[in-house]
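**Student:** Generate a structure from the sequence data that follows.
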Amino acid sequence: MLAATNALLQIRRSLETHVGQQIRLRAHRGRRKTLEKVGVLENTYPSIFVVRIDEPNYNQRLSFSYADVLTETVELTLMQKARESKTKNLA
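**Tutor:** All right, here's what the predicted structure looks like:
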């Protein structure tokens, strides 16, 4: 039980460092239903974290527990900002 508690605490600390950043969320809702959205990790709380989804005609806040991440019911991927690559023509 102590190992599970440490794992949940480690997940929470990891998410706390990414508050305000854009993430890709994949949540398994059972019976072949999967929710895939891109949102912003809005806040972390002692038992849950909140993701804000801002899409045209779809504004919602979703909350999940850290145990959902541990059991892989929820998968989170940090979105990297696309960096512009500048190429020079050497002619």
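
**Student:** Now do the same contact list for the closest residue in space to Val69 that isn't next to it in sequence.
**Tutor:** Nearest residue to Val69 in three dimensions, chain neighbours excluded: Ile11, at 5.2 Å (Cβ to Cβ, 6 or more residues apart in numbering). C-beta here means a position set from N, CA and C on the backbone, and glycine is covered the same way. Taking Cβ atoms under 8 Å, 6 or more residues apart in numbering, we find Ile11 in contact with 66, 69-70.

**Student:** gap between the helix or strand containing Ile11 and the chain center?
**Tutor:** Ile11 is part of helix 2-16 when elements are defined by DSSP states H and E. Taking the mean of its C-alpha atoms, helix 2-16 sits 15 Å from the chain's own mean (Cα atoms, centre = their mean, to the nearest Å).

**Student:** send the alpha carbons of that helix over as CSV?
**Tutor:** Taking C-alpha atoms only, helix 2-16 is exported to CSV below (Å, rounded to 0.1, in the frame of the first residue of the first chain):
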residue,chain,number,x,y,z
LEU,A,2,2.9,2.3,0.7
ALA,A,3,4.2,1.8,-2.8
ALA,A,4,0.9,2.8,-4.3
THR,A,5,0.7,5.9,-2.2
ASN,A,6,4.2,6.9,-3.3
ALA,A,7,3.3,6.3,-6.9
LEU,A,8,0.2,8.5,-6.6
LEU,A,9,2.3,11.2,-4.9
GLN,A,10,4.9,11.0,-7.7
ILE,A,11,2.3,11.3,-10.4
ARG,A,12,0.8,14.4,-8.6
ARG,A,13,4.3,16.1,-8.3
SER,A,14,5.0,15.3,-12.0
LEU,A,15,1.7,16.9,-13.0
GLU,A,16,2.2,20.0,-10.8
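
**Student:** Thanks a lot, see you next time.
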